[in-house]
Structures are given as C-alpha cells and as structure tokens.
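Asker: Sequence unavailable; structure follows:
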C-alpha cells in the first residue's frame, strides 16, 4: 500500500480538514504579520502608516500577547458549543477584521482593529490543535503532529510570498489576500470538516467562570493576579507614553506597595476574608518560573518578524543577491517575454527601492523549516529535551552575532537559515519538556497553559523590539545608528535563556527530571 494511502487511512477525515484549514489560517496570519513592521513604520508616501518603531512594537506585542491568552477561553467555548461552530465563528471575526485593517490611520484605531483580528485567530487556535489531538493515538501521535507542524510552516511560507508580491501594487491587496485565505478556510470548515467524536466524561464542559478561575489559580490567588496584571499594564502602557526612567520606577513602586500591604494582611487577617484582603499566594510556582524562562527564548525568536524587517529595509544591501540571481531572473523573464508576456512590472513583486523586499528574505525561515525539520528531528531524537532546547538557543545566539559580520544580503540569508536550525531544535521540544516537569495529575494543566510563555515572549518581544530599534536604528528615525548593539542584546537574551534553563533543570532535580 502506498505511504500516502496508508496515512489517509490512518487518520480520520476531520484530521485532514483541520490541517487544510491550518494552512489557510496561517497564510492569512503570516500574510500580514510578516510585513506588519514594514506597514506600520513605512512612509505614508509608500502606503504605510508612518508610526514610530516604539508604537509598532507596542501594537505587535499587545495583539499577539492576547492572541496566545485567548485559546484557554475559546477552547472552553468550543467544548460547549462544538468545534465546527467555533471554526466558522472565527471566520466571521477574522474576515471583516482583515478587511477593516486597511482603514485605520492612527495608533489606537489600528490597534483596535488588529485586536479584533487577534481574537479571531485566538478562537481558531485551540480548536484546530484539539482536532489534531482527537485524531491521533499513542502510536500515530508523532506522525500526526509532525504533519500538523509541517502545515503550519507551509501556510507561513506561502502567505508572505503572496503578500510581498501584491503589496508592490497596493497595500490594500495584502489585507484582501488575508481575508480571502480565511474565506477559503471557512469554506473548507463548512463543507469538509465533520465534528469529531466527543467524550462527555473526559471532556468536562467548564463554564467561563471556571476557566477564568483556573487561570487565576495557576498564577496564584486574586491578589497575586492583580499584582502581575498591574505590572504588565505599567510596563506596556509606560513604554508607550513614558520613558524607562519613569515607568520602571512606577512598576517598582507598585510592587513595593503590594508587598507591604501583603505583610500587613498576613498579620491581621491571614487567609480569611474576601479575596482582595487575602495575602498573596503563588500558584504553580515552578511552572511559572519555567514559563518566564522560556519567554526569554520567545522574546529573541520574535525579532525575526518584528525587528528584522525594519533592519533589512533600512540597512541591508541586497545587491549581492540580485547580482548572483540576476542571470537566472533574466532567463525566466526572457522565456516569459518570448511567450508574449509583459514583464515590465514584474520587479514590483520582489523589489522595492532597488532592493529585495524584506519579507522574501525572512520567508527563508519557513522554507528552511519545511526542508529541514524532519532531518533535524531525526538527528536530535536521542538528545534529552532540555539539551535540545539549550542547543537550539545557543545556535540562535550565533545567528544574531552573524549580523555583526556585515550588512550584505547573503549574510542576512545565512543568519536567517542558521536561526531556523535553532528554532527547529528548541521550539518543538519545549512542549515535550513542559510535560516532563509536570507533577503527576497536572500534565493536562501544564500543557494547557504552555502558550503563556509564547504570549509573554510576544508581549515583551514587541516592546523590546520597538525600544531597541527606535534607539539603535537610523538617525532619521531618531536613533543613534548603531544596530550592532541591538543584535548583541538579542543574543544576550537567548544566551540568558539557555543558562537559566540549565539552572532550572538542576533546581528541579529528582522531583521532575527532564525527559530522556
């Protein structure tokens, strides 16, 4: 029996429908996300919004932060009302969201609409992952999630290609394309997706109150949740309106006030009384530490989509790549011309101001993963999960240092591909390690909130990207024109992540050994 036929028979129909939808959903998301830095900070004359790098970082950080927090809520809703309904509801939110993104011209109006888009993708994410999980068994799990991860990158590769081509004519076409991919996704859901079998006993239909209560319980209690939330608000909003010399002390004062109040409450009330008068309590402390440490990796990882597009646009000279590929491009256009095609406007699809568009270079990340993921996974299969994560982080460090070698196009290409190797090592195994450190009986909870580290990485990755590029970027954008320092900072964060994860594993000791 051919391998493709065996695979089709091994997985139910809704598995393939879910994977097909994943391709189009990723095409919609990455179709804009890969060029979002260019659109937000691009000159108004070129069709961009003309925002500062700092504003761009806040928008990207906030929207993607909530995107990775929403799945816990919408997953519970999907359990209550059905997976197919949630798929279709996400389309109803995402399609108008992308169409409306072409209208805002200010920071707040764009953030509001982009937040709507994030809600739509947050509705989709838990349902597609749950669909795959329901379709696989212990024997087919590795292959099933391997196929799913491949589909993620296929969509992440194709979406930016189309976006990069069509924005050469008009930025509005980028938003129309993303909306179109989501429409196709909705058609697949409506026609081909069949509701997977339900296990009412295993799947307790939790109310939203229970979901939010679980979120608070993972962090600790209500007062500790308020402390953490207040810190996040001060850091995010402070980075928009205040200087670090202002909002960092404010965050310190907020922390000190809460700690002093906690001392007083412990003496007078103890654990009794309403939640706002109870002493602070840390919930799953070991797991929260792990999430924070992994967020350092995701802060560094996100720079390839947040910071690198601006860096390529403002600093990279891709004439070396154009010179190398010129003969091949001439051969292709010559064939097209001989067939009667007008190729006079073709350069608009790939070039901007005489340089290769940043998104086409960044897209090599997804291409590298598509080509190399199976081989990397095979070669690292016998390494412990934590060792693989640390190795991936160290390779990421090396990729950031490569930008110090020069600003030529081929240097950027090499750095992106090396970065992709680090991602292929660290990202897939991080989920495995999260499960391995979970106490018995809490594996489901640990995995359910794993994406919190991704959310934190997006939030602080966006803020750090905007602040560092705004300071170390071009003089004409208010910077000091020293981007090398910026790459050293990102490399330092990735290195810090590796060192702290190693120390964390030692601290966990025998109570939660890494998966061997």
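Answerer: Cool, got the structure. No experiment lies behind these values; they were computed from the predicted model shown.
Asker: these two touch, right, residue 414 and residue 403?
Answerer: No - between residue 414 and residue 403 there is no contact under Cβ atoms under 8 Å: 10.0 Å. All C-beta atoms are positioned from the backbone trio N, CA, C, and that covers glycine.
Asker: neighbour count winner among these two?
Answerer: Shown here are residue 414 and residue 403; by other Cβ atoms under 10 Å, residue 403 has more neighbours (22 against 15).
Asker: Now do the contacts for the closest residue to that one other than its chain neighbours.
Answerer: Among residues not flanking residue 403 along the chain, residue 487 sits closest, at 4.6 Å (Cβ to Cβ, 6 or more residues apart in numbering). Contacts here follow Cβ atoms under 8 Å, 6 or more residues apart in numbering; on that basis residue 487 touches 400, 401, 403, 404.
Asker: ok, so of the residues you listed, who is nearest residue 166?
Answerer: Of all those, residue 403 has the smallest distance to residue 166: 28.8 Å, by Cβ to Cβ.
Asker: Give me the average confidence score over the strand or helix carrying residue 249.
Answerer: Assessed by DSSP states H and E, residue 249 sits inside helix 244-268. Averaged over helix 244-268, pLDDT sits at 85.
Asker: how distant is stretch 64-73 from the center of its chain?
Answerer: How far stretch 64-73 lies from its chain's middle: 11 Å, per Cα atoms, centre = their mean, to the nearest Å.
Asker: now do stretch 246-264
Answerer: With Cα atoms, centre = their mean as the basis, stretch 246-264 stands 31 Å off its chain's centre.
Asker: Residues touching that stretch, excluding its own?
Answerer: With contact meaning Cβ under 8 Å, 6+ apart, stretch 246-264 is reached by 223, 226-227, 230-231, 234-235, 237-239, 242, 279-280.
Asker: So the residue lying closest to residue 186 once chain neighbours are set aside versus residue 158, what's the distance?
Answerer: Nearest-residue entry for residue 186: residue 91, 3.6 Å, with adjacent residues in sequence omitted and distances by Cβ to Cβ, 6+ apart. Relative to residue 158, residue 91 is positioned 19 Å away (Cβ to Cβ, to the nearest Å).
Asker: Those two: who's more crowded?
Answerer: Counted by other Cβ under 10 Å, residue 91 and residue 158 do not tie: residue 91 has more neighbours, with 25 against 19.
Asker: For stretch 493-508, list every residue counted as buried.
Answerer: Within stretch 493-508, the residues scored as buried using 16 or more other Cβ atoms under 10 Å are 493, 494, 495, 496, 497, 498, 500, 501, 502, 504, 505, 508.
Asker: element containing the closest residue to the first one other than its chain neighbours, please.
Answerer: I take that to be residue 493. Spatial nearest neighbour of residue 493, excluding adjacent residues (Cβ to Cβ, 6+ apart): residue 300 at 4.9 Å. If you go by DSSP H and E, residue 300 is part of helix 285-301.
Asker: next one: that helix to chain centre, how far?
Answerer: That offset, for helix 285-301, works out to 14 Å (Cα atoms, centre = their mean).
Asker: since we're on residue 42, how many residues are nearby?
Answerer: With other Cβ under 10 Å as criterion, residue 42 counts 22.
Asker: contacting residues for it?
Answerer: By Cβ under 8 Å, 6+ apart, the contact list for residue 42 reads 48, 49, 50.
Asker: let's go with 6 Å and repeat that
Answerer: residue 48 (Cβ atoms under 6 Å, 6 or more residues apart in numbering).
Asker: What of residue 238?
Answerer: Contacts of residue 238 by Cβ under 6 Å, 6+ apart are residue 247.
Asker: related to what we said a few turns ago, what about the residue nearest to residue 186, which helix or strand?
Answerer: Using DSSP H and E, residue 91 sits in helix 83-100.
Asker: after that helix comes which helix or strand?
Answerer: Downstream of helix 83-100, the next assigned helix or strand under DSSP H and E is helix 107-135.
Asker: In that following helix, which residues are buried?
Answerer: Those would be 107, 110-111, 113-114, 116-132, 134-135, for helix 107-135 by 16+ other Cβ under 10 Å.
Asker: how far off helix 83-100 does that helix point, in degrees?
Answerer: Helix 107-135 and helix 83-100 are oriented at 150 degrees to each other (axes from the mean of the first three to the mean of the last three Cα atoms, to 10 degrees).
Asker: Roughly how far does residue 410 sit from residue 320?
Answerer: 6 Å.
Asker: quick one: which of the two has more around it?
Answerer: residue 320 (15 against 12).
Asker: Strands along the stretch 351-500 of the chain, start to end?
Answerer: 351-352, 355-356 (DSSP state E, counting those that start in this stretch).
Asker: Of the ones you listed, flag the one that's most buried.
Answerer: Highest mean neighbour count of the strands of the stretch 351-500 of the chain: strand 355-356, a mean of 20 (counted as mean count of other Cβ atoms under 10 Å).
Asker: average pLDDT across that one?
Answerer: The pLDDT scores in strand 355-356 average 96.
Asker: One more: stretch 21-37?
Answerer: Averaging pLDDT along stretch 21-37 yields 97.
Asker: do stretch 383-395 as well
Answerer: Averaging pLDDT along stretch 383-395 gives 90.
Asker: Show me the contact partners of it.
Answerer: With Cβ under 6 Å, 6+ apart, stretch 383-395 has contacts from 297, 380, 421-422, 425-426, 429-430, 432-433, 494, 497-498, 501-502, 505, 514-516.
Asker: Okay, buried residues for that stretch please.
Answerer: 384, 385, 386, 387, 388, 389, 390, 391, 392, 393, 394, 395.
Asker: Relative to the whole chain's centre, how far out is it?
Answerer: With Cα atoms, centre = their mean, you get 20 Å for stretch 383-395.
Asker: what do you get for stretch 27-42?
Answerer: Distance, stretch centre to chain centre, for stretch 27-42: 13 Å (Cα atoms, centre = their mean).
Asker: what does the helix holding residue 91 rub up against?
Answerer: Counting by Cβ under 6 Å, 6+ apart, helix 83-100 makes contact with 78, 113, 116-117, 119-120, 123-124, 127, 175, 178-179, 182-183, 186, 189, 193, 195, all of which sit outside it.
Asker: one step back: I'd say the residue nearest to residue 493 and residue 492 touch.
Answerer: No - using Cβ atoms under 6 Å, residue 300 makes no contact with residue 492, being 9.0 Å away.
Asker: who has more neighbours, the two?
Answerer: residue 300 (29 against 14).
Asker: Now for the more buried one: which residues touch it?
Answerer: Counting by Cβ under 6 Å, 6+ apart, residue 300 touches 396, 490, 493, 494.
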